[in-house]
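Chemist: For reference, the sequence and a predicted model appear below.
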Amino acid sequence: MDDDVPVTPTGGPRPVLALALVGTAASFLLRWWTLSTGEPIGTDGYYYVVQIEDLVATGALHVPDASWTLRALALPHALGLDAISALALGGAVLATLPAGVAFLARRPCLALFLAASPTLTHLAADFPKSLGLAAPWLAGALALGHARDDRRWLLLALPALAFAATAHRLGAVFALLALLGAGFAAALDALDDPRRAAARVLGVGAVAGLLGAALLALASVVPGLLHPDDLERIGALSTSLAPPPFSWWSARPDTSWVQGTELMLPWLALLTAPFAWRRQPVLAGACVLPLVACLAPVYPPDVLDLGYRVHLYSPLFAAPLLALALPEPLRAAKGLALALLLLVPTAAWGPTSSTTPPYGLYRSVLDGIPEPYPELLVAHQGMNFLYDHRTGHEAMAWAPDPGFPDAGVRRVAYGILPGEWLTVHLAADPDVVPLGQGYHLVGESTWRRLVSASTTDADLAERIADWRNPTRTRPAYLLRRRAPLRDGAPSDR
């Protein structure tokens with residue numbers, strides 16, 4: 001049974017749709033207010049600011065990337081807003097668009113659930129580039145649900161999923177999983193006619209294959225899209241399951257209790273999936289596979305927290321299942337819509353104070369760096385693009401690429417005692433400059449000698465391994481189709 005809400009001449013569910021529209025509009029305004037803090041929210045906030053500034057000023061992104069999301073985020077800046085305000089406005093739009101899609105599809109309960117989602121607001125704060133996948137993915141999934149009865153809906157589903165796939169690598173994975181899940185559901189729905197079932201399987205397989213081939217061809221010539229090189233990021237899947245519900249793949253300790261509650265609902269959605277499947281099997285199939293991928297505790301916990309960020313998309317895939325599982329009279333009930341409307345303020349509970357780096361501290365540290373600025377500065381995540389934004393010079397949160405000469409590199413090192421620099425600093429090296437707050441500016445050759453000396457000093461080695469001291473070089477999936485240095489410190493957001 002479809003979840004569409006008919007609009008009758010006598011009124012009927014019109015008030016429910018009106019409540020959904022009010023909730024969607026209120027959610028946008030609330031998210032815009034939440035994200036407008038004067039600083040970009042999120043660890044990579046200034047990455048987006050630099051991307052927006054460079055795109056509008058020069059016509060090219062600072063870090064080459066084919067994602068259309070970055071272009072969309074730059075539009076308000078091109079129209080006159082400063083880059084930080086443009087990012088806040090763009091993030092609020094991206095977070096609210098899924099609710100808008102659900103409203104246009106006349107699914108008021110789904111629209112209100114998404115309008116109240118703190119996790120979508122969190123994504124807008126921390127990972128706005130990947131959030132671009134949300135609205136087109138939902139539009140594609142809803143259209144696939146209708147395509148079971150009317151194939152013309154594929155004319156909407158396929159372009160929508162293509163938009164999701166070109167917003168971010170995760171969008172490509174989720175789009176392909178949606179196609180495969182929808183095809184499997186369509187085949188099961190036609191088991192009474194084996195020829196029709198086989199035709200559906202072959203058709204969906206062909207579409208998924210064409211989409212995958214097109215993405216691969218496009219990713220071979222432009223950066224930032226899904227490519228076989230990205231398999232390096234997954235590596236060996238974890239051999240031990242992480243304990244639910246709060247772990248690196250579910251929610252961090254500083255997650256608000258409101259968002260933590262929302263992140264438990266996808267598990268409920270899995271339990272109710274059979275009810276959703278009976279009512280609209282193709283849409284349910286399109287949601288189930290991406291949802292399982294988000295909840296699977298098999299991702300290796302690396303510095304980029306892939307499993308954690310994947311899990312943040314679970315409410316997006318759970319929402320249609322939960323809405324479908326509701327009895328039809330309840331879906332059209334004004335009481336339920338009003339209750340969901342009252343939950344819309346929870347959308348502000350996504351970003352926490354720890355989401356935003358201490359930019360004031362970082363500014364005071366960067367103020368101590370003397371001119372002339374080095375050819376390349378190594379500085380940890382959060383500080384790197386702030387430096388770029390303030391000075392226009394290059395910084396990266398990775399160790400220099402192999403072969404890059406140490407002579408042109410200095411780094412902001414953390415946690416090393418002044419006397420420890422004396423043991424490895426040579427007169428020919430750049431001076432060691434104290435920057436305050438436990439930071440020093442040092443030449444890369446001095447740093448390398450300190451790292452070598454730490455092999456016999458466990459305490460020093462532990463401080464060198466602090467996340468504020470980048471020691472890893474950029475992996476292949478960040479270097480593909482990008483110059484070795486000009487990209488600075490590309491973040492896979």
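Modeler: Cool, got the structure.
Chemist: Please tell me how far the closest residue to Met383 other than its chain neighbours sits from Leu341.
Modeler: Of all residues beyond its chain neighbours, the one nearest Met383 is Tyr362 (4.7 Å), with distances taken as C-beta to C-beta, 6 or more residues apart in numbering. Just so you know, the C-beta spots here come from the backbone N, C-alpha and C atoms, and that holds for glycine as well. Going from Tyr362 to Leu341 by C-beta to C-beta, to the nearest Å gives 40 Å.
Chemist: now do Leu133
Modeler: As judged by C-beta to C-beta, Leu133 and Leu341 stand 26 Å apart.
Chemist: How about Leu295?
Modeler: From Leu295 to Leu341 the distance is 28 Å (C-beta to C-beta).
Chemist: Likewise for Tyr313?
Modeler: 24 Å.
Chemist: Just confirm Glu444 contacts Arg410, I think it does.
Modeler: Yes. Glu444 is within contact range of Arg410, at 6.6 Å (criterion: C-beta atoms under 8 Å).
Chemist: Next, show the common contact partners of these two.
Modeler: Residues touching both Glu444 and Arg410 by C-beta atoms under 8 Å, 6 or more residues apart in numbering: Val378.
Chemist: ok, back up a step: could you check which of Leu133 and Leu341 is surrounded by more residues?
Modeler: Legend: neighbour count by other C-beta atoms under 10 Å for Leu133 and Leu341, higher for Leu133 (29 against 21).
Chemist: Report the contact partners of that one.
Modeler: Contacts of Leu133 by C-beta under 8 Å, 6+ apart are 164-165, 167-168, 170-171, 174-175.
Chemist: show me what contacts Thr58?
Modeler: With C-beta under 8 Å, 6+ apart, Thr58 has no contacts at all.
Chemist: Would you mind measuring from the residue nearest to His380 when sequence neighbours are not counted to Trp257?
Modeler: What sits nearest to His380 in space, not counting adjacent residues and going by C-beta to C-beta, 6+ apart, is Arg468, at 4.4 Å. Using C-beta to C-beta, Arg468 is found at 29 Å from Trp257.
Chemist: Could you do Val16 as well?
Modeler: For Val16 relative to Trp257 (C-beta to C-beta), the value is 29 Å.
Chemist: what do you get for Val344?
Modeler: 17 Å.
Chemist: tell me which element the residue lying closest to Arg148 once chain neighbours are set aside is part of?
Modeler: Leaving aside its chain neighbours, Arg148 sits nearest to Val282 (4.4 Å; criterion: C-beta to C-beta, 6+ apart). If you go by DSSP states H and E, Val282 is part of helix 281-295.
Chemist: Likewise for Gly419?
Modeler: helix 418-422.
Chemist: Would you mind pulling up the elements that that helix packs against?
Modeler: strand 439-443, helix 444-453 (3 or more C-beta pairs under 8 Å, 6 or more residues apart in numbering; DSSP states H and E).
Chemist: Any idea how far it is from the middle of the chain?
Modeler: Relative to its chain's centre, helix 418-422 lies at 40 Å (C-alpha atoms, centre = their mean, to the nearest Å).
Chemist: Return the helix or strand in this protein with minimum mean pLDDT.
Modeler: When the helices and strands of the chain are scored by mean pLDDT, DSSP states H and E, helix 231-234 comes last with a mean of 58.
Chemist: what mean pLDDT does the next helix or strand after that helix have?
Modeler: Where DSSP H and E defines the elements, the next helix or strand beyond helix 231-234 is helix 257-262. Averaging pLDDT along helix 257-262 yields 89.
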